[in-house]
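Asker: sequence and predicted model, in that order:
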Amino acid sequence: MQVWVRLPDGVDDVELTAAAAAHGVVVSAGRPWYAADPPAPHLRLTFAGEPPEVLIDGVRRLADAVAAVGIPPG
C-alpha cells in the first residue's frame, strides 16, 4: 500500500528523495511515475507490512529530511 503526498510548488521531489535516503528513509519521487501528465512534486510513500513503531520512526526521519532541504512546516 502507498500514499501519495503532494509537495509545495517549487519543491524538488528528487532532491527530497535523496535527502530522505540520507536520513535512512526510502521514498519514491513522484516525477518518474508521470507517463503523460506534466510532473508535479509528489512523494510516494510505501507503508505496507511495517509495524507502527517502524512507521513512526520513518515519519520522524522524513520530517528531518524535509527540514534539511528547507521546506517550511505547515
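Answerer: Here it is on my side, so go on.

Asker: report pLDDT for the most far-flung residue of the chain relative to its centre.
Answerer: Centroid-distance maximum for the chain: Ala36 at 21.5 Å, with Cα atoms, centre = their mean. Note on Ala36: pLDDT of 77.

Asker: who are the contact partners of it?
Answerer: For Ala36, the contact set (Cβ atoms under 8 Å, 6 or more residues apart in numbering) is empty. C-beta coordinates here come from the backbone N, C-alpha and C atoms, glycine included.

Asker: tell me how far it lies from Gly49.
Answerer: Using Cβ to Cβ, to the nearest Å, Ala36 is found at 31 Å from Gly49.

Asker: where does the prediction get shaky in this protein?
Answerer: 38-39, 74 (pLDDT under 70).

Asker: show me where it has its helices.
Answerer: For the chain, the helices defined by DSSP state H occupy 13-22, 52-68.

Asker: buried ones in the last one?
Answerer: Neighbour counts over helix 52-68 (16 or more other Cβ atoms under 10 Å) mark 58, 62, 65-66 as buried.
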